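Engineer: what's the 3D shape of this:
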Amino acid sequence: MFDIERWQEIFETLSKNKLRTFLTGLSVASGIFILVILLGFSEGIANGVKSQFEQDATNRVSVWTGVTTKGYKGLNPGRYIQLKNSSFDAIKYQYNDYLEYSTKDYSIWGGTVNYKNETGNYRVRGTLPDNQFIENADIGSGRFISQSDIQLSKKVAVIGNKMKKDLFKNEDPINKNIQVFGMNFKVVGVYFDPGGDREESQVYIPVTTAQKVFNGGENIRNMAFTVKMADDFDEAVAMSNAVALGIEQKIKEIHTVAPDDVSAVRVRNTLEQAEKIYSLVATIKAVFWFVGIGTIIAGIVGVGNIMLIIVKERTKEIGIRKALGALPTSIIGMILQEAVFVTMFSGLFGLILGLGLLELVGPHIESDFIKYPQVDFNIAITTVFLLVLAGALAGFIPAYRAAMIKPIDALRDE
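Structural biologist: You can find the predicted model right below:
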């Protein structure tokens, strides 16, 4: 039941000690404010990390080669390990049951591409149809490389959206011819990539076509696979690590490379990296929660202290109330209502200030590893209610102490 006299009394008590009330409220509001900001930026870090992994499939295993640094089985160091079509076929044959998508690349960096009077230098990648899913490329119009394109070594091309803007402006590129090093390729698709302009400044052509027109023969530059995901993340990481290790050993066996030569054959497992990064993000979030909650606890202690002081100052008043017949529950309710009011008002103020700052500053943060810092509103509101509960508990001890004061003792208090 709403008691206007009770509220008038609370406001009168608080107004008598404006500075003390302000400082107590400030400590509570700053606690919520700091927690909201920390949670917002921890979410921003998580979003930034996720966006980095969204550029390619998270469960990706990439293979590329370099120069041997050790002699092995009579072969001298300093050999460049050249991957072949047969290398890719051997891996697919042995690990097909564990693989989801597979691709091999024959790439040319800085390829000259023309359309009418427009010219640009782009990476030209001969690849397989599965590369669309490994690279997380979304088709905006047309289609991606098909198996028929591979089998017939067709001169077709799929260009990135950035490349489309550069060469075609507002013109539809589908079924138009571009010249790659002077050779005509028909554009059959335009793709978008989460990696942005850098990833969209590429042109995909069938790998068989690339090997023929660029005199690649059976050579390939690198290969990539995605491992089938298990329901359990830890199990998926273990499987991905096992497949990555097996692929590395198989490539070294095929090309006669020392098992401990880390430079000749390099295998990158993004799922293992993702596990490490996500574990780090979880740790950062836990630290932010710890710091934020610690700040809130400091504010709650402040609320408890001010309630103890208020009870001490109002001891004689409380004794008079009890002498006039006030029940202990009435005394407890009066003190608790004051503590809850200070806590809730300060907490909501800190919450609104924190959310407002994130909304204002968040969209202007330009960083690869912090994107869209924000706080789940339900979590924020739940935090405020927990803060109010904590404030009530902080006020209960002095409230109970006030309720237990004997009227005769309270009237003697100076």
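
Engineer: and the helix or strand hosting residue 23, what does it pack against?
Structural biologist: Per DSSP states H and E: residue 23 is located in helix 18-54. Packed against helix 18-54, as judged by 3 or more Cβ pairs under 8 Å, 6 or more residues apart in numbering; DSSP states H and E, are the following elements: helix 270-313, helix 328-361, helix 377-403. Placement of C-beta: from N, CA and C, glycine included.

Engineer: which residue comes closest to residue 173 once chain neighbours are left out?
Structural biologist: Closest residue to residue 173 apart from its sequence neighbours, by Cβ to Cβ, 6 or more residues apart in numbering: residue 187 at 4.5 Å.

Engineer: for that neighbour, give its distance to residue 203.
Structural biologist: Residue 187 sits 9 Å away from residue 203, going by Cβ to Cβ, to the nearest Å.

Engineer: overlap of the contact sets of these two?
Structural biologist: 157, 158, 159, 178 (Cβ atoms under 8 Å, 6 or more residues apart in numbering).

Engineer: most neighbours among those residues, which one?
Structural biologist: residue 159 (29 neighbours; other Cβ atoms under 10 Å).

Engineer: closest to residue 198 out of the helices and strands packed on helix 18-54?
Structural biologist: With respect to residue 198, and counting by Cβ to Cβ, the nearest of these is helix 270-313 at 17.4 Å.

Engineer: pLDDT of that closest one, averaged?
Structural biologist: The pLDDT scores in helix 270-313 average 70.

Engineer: re earlier: dump the helices and strands packed on helix 18-54 to CSV, plus mean neighbour count and distance to residue 111.
Structural biologist: As requested, those are exported to CSV (neighbours: other Cβ atoms under 10 Å; distance: least, Cβ to Cβ, whole Å):
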stretch, mean neighbour count, distance to residue 111
helix 270-313, 17, 26
helix 328-361, 19, 41
helix 377-403, 18, 49
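
Engineer: dump those helices to CSV, plus distance to residue 242.
Structural biologist: Shown next, in CSV, are the helices and strands packed on helix 18-54 (distance: least, Cβ to Cβ, whole Å):
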stretch, distance to residue 242
helix 270-313, 11
helix 328-361, 42
helix 377-403, 38
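
Engineer: quick one: closest of those helices to residue 88.
Structural biologist: Per Cβ to Cβ, nearest to residue 88 of those: helix 270-313, 18.9 Å.

Engineer: for the helices and strands packed on helix 18-54, which one sits closest to residue 70?
Structural biologist: helix 270-313 (24.9 Å).

Engineer: for residue 370, which non-adjacent residue is closest in space?
Structural biologist: Using Cβ to Cβ, 6+ apart, the closest residue to residue 370 is residue 44 (4.3 Å).
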